[in-house]
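S.K.: Fold the following for me, if possible:
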Amino acid sequence: MKLMKKLSLAATMILTITLAACAATGNDTTGPGELANFFPFHPNTLATFTVEGVGEPGLRTIYNTYISGNRVQRMIHATAFAPSLEIIEVSGSQVRLVFGDPFYYNLEDMTDVAQSLDIVLLQTPLQVGTSWNNGDETSTITAIDAQIETPFGAFTAIEVTTISADGSEEKFYYAEGFGLVKSIHPSPIGTFVVSLAELATDRPAEIPLDILFPNIDENVIDVETRILHATTNTDLVPLLTRELSVPPASYALPLLPEGTAINSIEVSRAINVAHVDVSSSLRNWDDLGDGVIGAVFVSLTNTLGLFYEVEYVLWTMDGASFEWGPIVLNDGDAERVINLEELTGGQN
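M.R.: Sure thing, here's the model as predicted:
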């Protein structure tokens, strides 16, 4: 397992970069100069940014995992930080950060989540002097034709200057058709600069999946890391079903037999539970013996629980109670997710 540092929500906001686009966008635009053109929602595009000026240079990548209406959900990776999630909403007059989680990226579509943040990133009219407040910070459009350089190229951009309560100033540069392409941030240890470096279009996001497979030769649980390739708005459930059905070697058992599928996965973050509904055809795989069924069930539960970063997994079969061999779960019973070190005896 990877060791990851935690990123404070404040730091996430400081480094907010809107995914750039260089082709047709997924959100409504109404013509040159309109607000939505400065926050395009481009699917299947990986944007890479350099982070320079403080310590070792780093990279930051952003991928639009889900787009729905006027909201975009973004998966963010930054050097030395845990993956994080943001949801941005574009209206006719404002672009706002409405949800953020700095500790992980959620892998389910959360674009309809209740608003928990209200941070204005850009506001109309797009002219010098337009100003807005976020708490004790004041942001103002200070230029509409700033000339800037990035590793990706030169841009004419809107410049937004944000002044904090302590008087420090941050600069944000928005280019039409691309979004936020550069930002400058002072800090107690120096000034760092985040700049657009690369756009890779027509490509999927790469999402790691640690699968726990029972090793029937050695009577242990092996862990294999695979990569899910998911494009924007992809339903991950069929991808998971396929990967869980293919063991890494002849000595390992699959977690789902051929013909058995995961019907749905619903994550309730408020109670930290993933509800997994599986096909009742799993009951046909009954020649394993009680002990082996138990090992497969533990591996299946913890593979999905760790992937979705929940504390419990609630199982049902075709919408009814879960029963497989010796495992009988009553309505509301949920299985606790166990960490990898505990499951594997610290061998992974």
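S.K.: buried set for stretch 168-188?
M.R.: 170-186 (16 or more other C-beta atoms under 10 Å). For every residue, glycine as well, the C-beta is placed using N, CA and C.
S.K.: Check the offset of it from the chain's centre.
M.R.: Centroid separation for stretch 168-188 versus its chain: 22 Å, with C-alpha atoms, centre = their mean, to the nearest Å.
S.K.: so where is the chain shaky, pLDDT-wise?
M.R.: Along the chain, segments meeting pLDDT under 70 span 1-33, 105, 343-348.
S.K.: Domains in it, by residue range?
M.R.: What automatic domain parsing lists as the domains of the chain is 9-200, 205-344.
S.K.: Let me see the ranges of the helices in the stretch 101-250 of the chain.
M.R.: Taking DSSP state H, counting those that start in this stretch as the test, the helices found in the stretch 101-250 of the chain are 236-244.
S.K.: how far away is the residue nearest to residue 145 when sequence neighbours are not counted from residue 203?
M.R.: Spatial nearest neighbour of residue 145, excluding adjacent residues (C-beta to C-beta, 6 or more residues apart in numbering): residue 156 at 5.5 Å. The gap separating residue 156 from residue 203 is 28 Å, by C-beta to C-beta, to the nearest Å.
S.K.: Tell me how far residue 209 lies from residue 239.
M.R.: Between residue 209 and residue 239 the computed distance is 9 Å (C-beta to C-beta).
S.K.: likewise residue 58?
M.R.: 29 Å.
S.K.: picking that back up, which of the buried residues of stretch 168-188 fall within strands?
M.R.: The strands, defined by DSSP state E, take in 170-175, 179-186 from the buried residues of stretch 168-188.
S.K.: any idea which of these is the one closest to residue 258?
M.R.: Checking those against residue 258 by C-beta to C-beta gives residue 179 as the nearest, at 44.3 Å.
S.K.: for that closest one, which residues make a bridge with it?
M.R.: residue 175 (DSSP bridges).
S.K.: correct me, but it touches residue 37?
M.R.: No. Between residue 179 and residue 37 there is no contact under C-beta atoms under 8 Å: 9.2 Å.
S.K.: can you point me to the longest helix in this protein?
M.R.: In the chain, with assignment by DSSP state H, the single longest helix is helix 290-307.
S.K.: okay, the next helix or strand after that helix in PDB with CA atoms only?
M.R.: Downstream of helix 290-307, the next assigned helix or strand under DSSP states H and E is strand 312-317. Extracted in PDB, the C-alpha atoms of strand 312-317 (Å, rounded to 0.1, in the frame of the first residue of the first chain):
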ATOM      1  CA  TYR A 312     -18.300  -1.200   6.400                       C
ATOM      2  CA  VAL A 313     -19.800  -3.100   3.400                       C
ATOM      3  CA  LEU A 314     -23.500  -3.900   3.400                       C
ATOM      4  CA  TRP A 315     -24.300  -6.900   1.200                       C
ATOM      5  CA  THR A 316     -27.500  -7.900  -0.600                       C
ATOM      6  CA  MET A 317     -28.400 -10.400  -3.400                       C
END
